[in-house]
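Trainee: task: produce atomic coordinates for the following.
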Amino acid sequence: MSFNNRGNIKWRAPLILISLGILLFGLAILGGSAYTPIKYGTVGLVTRFGGLTGTIFEPGLHWKLPLAEGIVSIPTVVLSYETSDNPELSNADYRDYPVNAQTVDGQQITIKYTVLFFIPGENAAQVVQNIGRPDEVVENVVKAHSRNLTRLRAQNYSAEELYSGEGIFNYEQVVRDGLAEEFGDYGITLDKFLVRKVEFDADYITAIEEQQIAQESIETAQYKSEAAEYEKERQIRLAEADAERTKLMAQADAERERLLADAEAYSIEQRGAALEGYPQLIQWQFVRSLENVQWGVLPGEGIQPLMPIPSFGEGDSGEATMELPTPMPTPIPEPSDQ
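Mentor: Purely as a prediction, here's the structure:
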């Protein structure tokens, strides 16, 4: 009997140690599961037995009830939804094919765009509760509303407005405003709506190009006409300027001649006045004029010479010579101060 008790004690001790070890290991696991890290760019929604508690964990380390509570991680960073011809080649978070639409004048177009959006952390519980996780948000809100609005709003614009000019920017703004309002009703924030490209039917593009070529031809012809008219006006202005210059030069020449004539008249007038006041000046000027005369013939009888004229005689060479006395200038009286 005592042998059996000692045998039970022998096997009981290892069992207790093993049980204690298992208990401690379980407690460690439970203790470890009670703390959960939340990554940056996300928030953690606390669930309890499958339902949302309304508690939102920001990035960092948090404690929760082990086994009873769980964490749903929701990204709060900007996500992208993009439409393109080859979605598999896109690097967007969510990819799709372009939207086909029709303009107000009946032209078929294809619209490629990008939607950037995010789920605010404070609205994450509401969004998940009402819509679902990001995949459901994209499918039921972003995709549905963006494709619908881009198609409907395009019907308010003509093909020409969306082909060029300010129409495409206005269209983009209209769709952006509509999406921002509709996303806000779900607690989602629209970051940007970008129209990357609007494609038109090939026939329409050809027609537009031909129209542009015709318009350019008209503008070129108009430019040449305006250039010819400008050249004509330029030549007229040059001719007018040349005529004005000739007129001014003629007036200047006439004025110069008038001034010279006035000066000459004034000089004659002054000389006449001087001769009238001093008649001796006439004889003196006449004598001065004969300074370089070697011989001359003066009138004979009946005229009193102003200077003695010697008789001709023969010189040493046998030739007749005439010697003139050195003229004596008549004193000129000083003009009176009266």
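
Trainee: for stretch 97-106, list the C-alpha coordinates in PDB.
Mentor: The C-alpha coordinates for stretch 97-106 follow below in PDB (Å, rounded to 0.1, in the frame of the first residue of the first chain):
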ATOM      1  CA  TYR A  97     -11.700  50.100 -68.300                       C
ATOM      2  CA  PRO A  98     -12.500  53.600 -69.700                       C
ATOM      3  CA  VAL A  99     -16.100  55.000 -69.800                       C
ATOM      4  CA  ASN A 100     -17.900  55.400 -73.100                       C
ATOM      5  CA  ALA A 101     -20.100  58.500 -73.300                       C
ATOM      6  CA  GLN A 102     -21.900  60.700 -75.800                       C
ATOM      7  CA  THR A 103     -21.700  64.500 -76.200                       C
ATOM      8  CA  VAL A 104     -24.700  66.800 -76.500                       C
ATOM      9  CA  ASP A 105     -24.200  66.900 -80.300                       C
ATOM     10  CA  GLY A 106     -24.100  63.100 -80.600                       C
END
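
Trainee: strands of the chain, start to end?
Mentor: Here the chain has its strands, by DSSP state E, at 35-38, 42-48, 51-57, 60-63, 69-75, 79-83, 94-96, 99-102, 108-118, 189-200, 313-314, 320-321.

Trainee: out of these, flag the one nearest Gln251.
Mentor: strand 320-321 (59.8 Å; C-beta to C-beta). Where C-beta positions appear, they are placed from N, C-alpha and C, glycine not excepted.

Trainee: circling back to that earlier point, mind putting the strands of the chain into JSON lines with mean neighbour count, mean pLDDT and distance to Ala221?
Mentor: Shown next, in JSON lines, are the strands of the chain (neighbours: other C-beta atoms under 10 Å; pLDDT from 0 to 100; distance: least, C-beta to C-beta, whole Å):
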{"stretch": "strand 35-38", "mean neighbour count": "14", "mean pLDDT": "83", "distance to Ala221": "71"}
{"stretch": "strand 42-48", "mean neighbour count": "20", "mean pLDDT": "90", "distance to Ala221": "65"}
{"stretch": "strand 51-57", "mean neighbour count": "14", "mean pLDDT": "86", "distance to Ala221": "70"}
{"stretch": "strand 60-63", "mean neighbour count": "12", "mean pLDDT": "83", "distance to Ala221": "73"}
{"stretch": "strand 69-75", "mean neighbour count": "17", "mean pLDDT": "88", "distance to Ala221": "61"}
{"stretch": "strand 79-83", "mean neighbour count": "21", "mean pLDDT": "97", "distance to Ala221": "43"}
{"stretch": "strand 94-96", "mean neighbour count": "18", "mean pLDDT": "96", "distance to Ala221": "48"}
{"stretch": "strand 99-102", "mean neighbour count": "16", "mean pLDDT": "95", "distance to Ala221": "36"}
{"stretch": "strand 108-118", "mean neighbour count": "20", "mean pLDDT": "96", "distance to Ala221": "33"}
{"stretch": "strand 189-200", "mean neighbour count": "16", "mean pLDDT": "95", "distance to Ala221": "28"}
{"stretch": "strand 313-314", "mean neighbour count": "10", "mean pLDDT": "50", "distance to Ala221": "103"}
{"stretch": "strand 320-321", "mean neighbour count": "12", "mean pLDDT": "46", "distance to Ala221": "97"}
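
Trainee: can I get these in CSV with distance to Gly277?
Mentor: Converted to CSV, those look like this (distance: least, C-beta to C-beta, whole Å):
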stretch, distance to Gly277
strand 35-38, 129
strand 42-48, 126
strand 51-57, 129
strand 60-63, 128
strand 69-75, 124
strand 79-83, 116
strand 94-96, 121
strand 99-102, 114
strand 108-118, 110
strand 189-200, 107
strand 313-314, 42
strand 320-321, 40
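
Trainee: of all these, which one is nearest Asn130?
Mentor: strand 51-57 (10.9 Å).

Trainee: could you check the angle strand 42-48 makes with that closest one?
Mentor: 140 degrees (axes from the mean of the first three to the mean of the last three C-alpha atoms, to 10 degrees).

Trainee: for strand 51-57, packing partners?
Mentor: Strand 51-57 sits against strand 42-48, strand 69-75, helix 124-130, with contacts defined as 3 or more C-beta pairs under 8 Å, 6 or more residues apart in numbering; DSSP states H and E.

Trainee: and these as TSV, adding distance to Leu89?
Mentor: Converted to TSV, the helices and strands packed on strand 51-57 look like this (distance: least, C-beta to C-beta, whole Å):
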stretch	distance to Leu89
strand 42-48	28
strand 69-75	23
helix 124-130	30
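
Trainee: what's the end-to-end length of stretch 45-64?
Mentor: End-to-end span of stretch 45-64 (C-alpha to C-alpha, to the nearest Å): 11 Å.

Trainee: what sits up against it?
Mentor: 34-44, 65, 68-74, 121-122, 124-125, 128-129 (C-beta atoms under 8 Å, 6 or more residues apart in numbering).

Trainee: would you map the helices across the stretch 201-338 of the chain?
Mentor: For the stretch 201-338 of the chain, applying DSSP state H, counting those that start in this stretch gives helices covering 202-277, 280-289.
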